[in-house]
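1. A structural model of the following input is requested.
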Amino acid sequence: MPPPLRCTSSLPSTCAKQLCRAGQSTRSFSTTSQQDQRITRNRRQLFRWLGSQGQNFLNPLNGSTNYLSAYNAQGQLKRVVRAAAEAETKKKKQEGKANKPANSGASEEGELEEGKEFKGEIPPETTSDLTPFPLNKSFVSQPVLSDDLREEIWKRVMQDGKSVRVVSAELGVEMSRVGAVVRLKEVEKEWEQTGRPLAKPYHEAVMSMLPKTPYDPTSRTNAKPHESINDLPVHRKTGTQIFHPTSESRHFTREDAAKVFDERLLPADLRVPHPELAEMHKDYKAGLSQEEREQRQMERDEIAERKRQRAEAKKAKKEAAVKKVDTGRVEFRFTEISVDAAGKDGRGFKGVGWRYGHPHMDRSRGAVKIPTSVE
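-> I've put the predicted structure just below:
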């Protein structure tokens, strides 16, 4: 590195000034010349935003979402401003000064006055606070399951032995989501036992930025349902628009509507994920007492449990009849088959090869192969 230049009196004045200016550390990190770096309106607005609203994202609020639409132009939470105004108005009314113009601590533009601080708990998020994109008000961030709620789902299914349907009805979580939570928790616990590292910091960072459905351990059922759990799935047979004529005096029920679409289609009350909830609501509309509704539900649960046990016993008996030979690479399964199982015509569904279809009668002699009637 060459030595720094010094300004000496032996050099001309113009040359000395240039050398002194070159020796100073005035190098800029920007390649744009100094005269081109003008303070534009956009630049002023950017630094104004960084000093007001941007501070909320540099130091995010714990236990709450931090979306752009939740703050006003001064960087204050809109729901905090509204809560402060409502609290001040309520205080004025209690003091008997409701007829006078109350200085609520919040200006007409919806901001807290200087020196005013909101004392109390931060109100929960509303729908307007959960819109992360200010120009797209239709998009609302949906809540996710909290860690406590996911742990409770896994505990009730794996440790308490409850069915997925029961846990879904108790906690207000859809059955497919309950199954997914149990599978993922099993993978997580398996990784913890084997010592595999988990992305805990990433998980905590993401969960801190999203709305969550909490779990109330004091109640058996979750007070705040996570989602709708009894939506009717769309069957492919119901995709066709049908105009079915019927008399006005006829009581047209859901069973009749299902038969119009398809003879084997179940009614809507039986195709929903939780038909027992529909039955409980029918008992409630019928005017039955709480004890009678609980007794009927217990009877329905016992019938469903007996059906489940019979189905499991039948499946276990069928599985026990299969002889298994494991070679280490593949597993062979042998089933005892009787010749008489195919029936008199040899086309019975219990016969060998029935699942692969049966041969056509095209080459059999004496068979009539042309249509004999028009239907």
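2. Going by C-alpha atoms from here, please, whenever you check contacts or count neighbours.
-> OK.
3. what does the host helix or strand of residue 168 contact?
-> Assigned by DSSP states H and E, residue 168 belongs to helix 164-171. Contacts to helix 164-171, defined as Cα atoms under 8 Å, 6 or more residues apart in numbering, come from residues 153, 156-157, 173-175, 178-179, 220-222, 225-226, 229, 274.
4. Bridging across strands, which residues link to the residue sitting nearest the centre point of the chain?
-> Taking Cα atoms, centre = their mean, the centroid of the chain lies closest to residue 144, which sits 5.3 Å from it. Here residue 144 sits in beta bridges with residue 212, going by DSSP bridges.
5. Now for it: which residues touch it?
-> Listed by Cα under 8 Å, 6+ apart, the contact set of residue 144 reads 210, 211, 212, 213.
6. and the contacts of helix 164-171, which are buried?
-> Among the contacts of helix 164-171, those classed as buried by 16 or more other Cα atoms under 10 Å are 153, 156-157, 173-175, 178-179, 221-222, 225-226, 229, 274.
7. Of those, which is the nearest to residue 373?
-> Distance to residue 373, by Cα to Cα, is smallest for residue 274 among the buried ones among the contacts of helix 164-171, at 48.7 Å.
8. Please give me every residue in contact with the closest one.
-> Neighbours of residue 274 in contact, by Cα under 8 Å, 6+ apart: 165, 169, 229, 230.
9. tally of neighbours for the last one?
-> Applying the criterion other Cα atoms under 10 Å, we find 19 residues in the vicinity of residue 230.
10. Among the contacts of residue 144, which one lies nearest to residue 88?
-> For the contacts of residue 144, the nearest to residue 88 is residue 211 (28.5 Å; Cα to Cα).
11. Please list all residues in contact with that closest one.
-> Residues in contact with residue 211 (Cα under 8 Å, 6+ apart) are 64, 65, 141, 142, 143, 144.
12. out of those residues, who has the most neighbours?
-> residue 65 (21 neighbours).
13. Determine the three-state secondary structure at it.
-> For residue 65, the secondary structure call by DSSP: H, G, I helix; E, B strand; the rest coil comes out as coil.
14. so what's it closest to, chain neighbours aside?
-> residue 209 (5.2 Å; Cα to Cα, 6 or more residues apart in numbering).
15. Residue 340 now?
-> Nearest non-adjacent residue to residue 340, counting by Cα to Cα, 6+ apart: residue 351, 8.0 Å away.
16. and the gap between the one you found and residue 203?
-> 55 Å (Cα to Cα, to the nearest Å).
17. out of these two, which sits in the more crowded spot?
-> Neighbours per residue, other Cα under 10 Å: of residue 351 and residue 203, the larger number sits with residue 351, 16 against 10.
18. what's the helix ranked longest in the chain packed up against?
-> Using DSSP state H, we find that the single longest helix of the chain is helix 290-320. Helices and strands touching helix 290-320, by 3 or more Cα pairs under 8 Å, 6 or more residues apart in numbering; DSSP states H and E, are helix 275-285.
19. just to revisit the earlier point, quick one: contacts for the residue nearest to residue 340?
-> Contacts of residue 351 (Cα under 8 Å, 6+ apart): 337, 338, 339, 340, 341, 342, 343.
20. tell me the pLDDT at it?
-> On the pLDDT scale, residue 351 is placed at 75.
21. Could you check how far it is from residue 344?
-> Residue 351 is 11 Å from residue 344, by Cα to Cα.
22. ditto for residue 179
-> Taking Cα to Cα, one finds residue 179 at 46 Å from residue 344.
23. again, but for residue 253
-> From residue 253 to residue 344 the distance is 43 Å (Cα to Cα).
24. swap in residue 283?
-> On the measure of Cα to Cα, residue 283 and residue 344 end up 51 Å apart.
25. Looking only at neighbour counts, state which of these two leads.
-> For residue 283 and residue 344, the more surrounded residue by other Cα under 10 Å is residue 283, and the numbers stand at 18 against 8.
26. thinking the more buried one is in contact with residue 293, fair?
-> Yes. Using Cα atoms under 8 Å, residue 283 is in contact with residue 293, at 6.2 Å.
27. now the helices: where do they sit in the stretch 101-250 of the chain?
-> 147-154, 164-171, 175-194, 200-208 (DSSP state H, counting those that start in this stretch).
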